[in-house]
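Undergrad: Got a predicted structure here, sequence first:
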Amino acid sequence: MKSKVIRFIIGIGFVVVIYSLLRYYGVTAYIDLKNVHKIKDWVSGFGVIAPLIYIGFYVVATLFFLPGLPITVLSGIAFGPVWGVVYVWIGATIGVSLAFLVGRYVARDLVESWISGNALFQKIDEKVEKEGWRILMFTRLTPIFPFNLQNYAYGLTNIKILTYTIVSSIFMLPGTIAYVQIGGALVSGEGDLKKTLIYLSIAGVLILLVSLIPKLFRKEQTDLD
């Protein structure tokens with residue numbers, strides 16, 4: 001018991017230190033959508049290695065519970081509606097996979113303490129036992145459980161890392177494409193109303209489709225309520 005408490009304190013301290021460093025160096029300022037112009041200037045300053053810098057930043061954001069939505073939108077602003085999707089997809093896939101491995105092999109006790117007594121996760125764990133990747137698909141498409149915590153929590157289940165990575169990467173795409181298009185519309189459609197409307201329409205349709213997913217999986221939703 002004492003060992004678990006110590007690990008929990010160390011884990012929290014580590015997260016606080018990382019966040020403090022990111023804040024000190026001004027990285028967290030770029031997360032705010034009010035400062036969208038900063039991310040483009042900041043990323044452009046890295047030249048040809050900008051995509052690698054962004055992917056690395058996304059991985060860090062995923063591991064340390066930084067908000068993913070504004071970072072995803074900002075990718076569309078920095079790289080456009082196509083490459084923005086590619087870079088977010090790569091960063092998110094690497095990030096969720098690393099978090100899974102940390103939850104399973106590195107900080108299992110810490111993650112267990114995070115979700116201890118969480119009835120919803122217990123149901124998810126039971127569903128994974130019975131249905132495997134289907135419940136992972138559902139939780140990736142619907143926000144019934146905090147996304148970043150999911151990444152660590154799934155490491156406690158018996159799902160295989162390869163299955164987890166493939167299913168996550170596929171079913172994170174709809175939301176990724178939708179939100180990157182919002183940022184991309186501001187850049188690629190600049191000065192061209194028709195282009196802007198096209199990108200925003202794509203985003204709107206995808207967001208609508210994602211919002212309808214819970215109705216398509218009503219049984220899974222009911223089982224987890």
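TA: Thanks, I have it. Predicted, not measured: the structure shown is a model, and the values here were computed from it.
Undergrad: Show residues contacting the helix or strand where residue 149 lies.
TA: Residue 149 belongs to helix 147-153 when elements are defined using DSSP states H and E. If you take CB atoms under 8 Å, 6 or more residues apart in numbering as the criterion, helix 147-153 is touched by 62, 65, 68, 95-96, 99-100, 102-103, 107, 111, 114-115, 121, 124, 139-140, 145. All C-beta spots, glycine's among them, are computed from the backbone N, C-alpha and C.
Undergrad: Can you tell me which of these end up in helices?
TA: Secondary structure assignment by DSSP state H places 62, 68, 95-96, 99-100, 111, 114-115, 121, 124, 139-140 of the contacts of helix 147-153 in helices.
Undergrad: Could you dump those residues into TSV with pLDDT added?
TA: Shown next, in TSV, are the ones in helices among the contacts of helix 147-153 (pLDDT from 0 to 100):
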residue	pLDDT
62	89
68	80
95	94
96	93
99	92
100	92
111	79
114	74
115	73
121	72
124	73
139	79
140	81
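Undergrad: Go through those and say which is closest to residue 162.
TA: Closest approach between the ones in helices among the contacts of helix 147-153 and residue 162, by CB to CB: residue 100, at 10.8 Å.
Undergrad: distance of that closest one from residue 133?
TA: As defined by CB to CB, to the nearest Å, residue 100 lies at a distance of 13 Å from residue 133.
Undergrad: got it, and residue 93?
TA: Using CB to CB, residue 93 is found at 15 Å from residue 133.
Undergrad: So which of those two has more stuff around it?
TA: Applying other CB atoms under 10 Å to residue 93 and residue 133 shows that residue 93 carries more neighbours, namely 21 against 18.
Undergrad: Can you tell me what sits against the helix or strand following the helix holding residue 149?
TA: Next in sequence after helix 147-153, counting helices and strands by DSSP H and E, comes helix 161-171. Under the criterion CB under 8 Å, 6+ apart, residues 89, 92-93, 96-97, 100-101, 104, 132-133, 136-137, 140-141, 154 lie in contact with helix 161-171.
Undergrad: For residue 88, what is the enclosing helix or strand?
TA: Under the criterion DSSP H and E, the helix or strand holding residue 88 is helix 83-101.
Undergrad: What residues of that helix count as buried?
TA: Of all the residues in helix 83-101, those buried under the rule 16 or more other CB atoms under 10 Å are 83-101.
Undergrad: got it, and stretch 117-129?
TA: Of the residues in stretch 117-129, those buried by neighbour count under the rule 16+ other CB under 10 Å are 121, 123, 124, 125, 127, 128.
Undergrad: Please report how far the second one lies from residue 175.
TA: To tie it back to what came earlier, the one meant is residue 123. If you go by CB to CB, the gap between residue 123 and residue 175 works out to 23 Å.
Undergrad: same thing with the third one?
TA: For residue 124, the distance to residue 175 under the criterion CB to CB works out to 19 Å.
Undergrad: Repeat that for the fourth one.
TA: In this structure, residue 125 lies at 24 Å from residue 175, with CB to CB as the measure.
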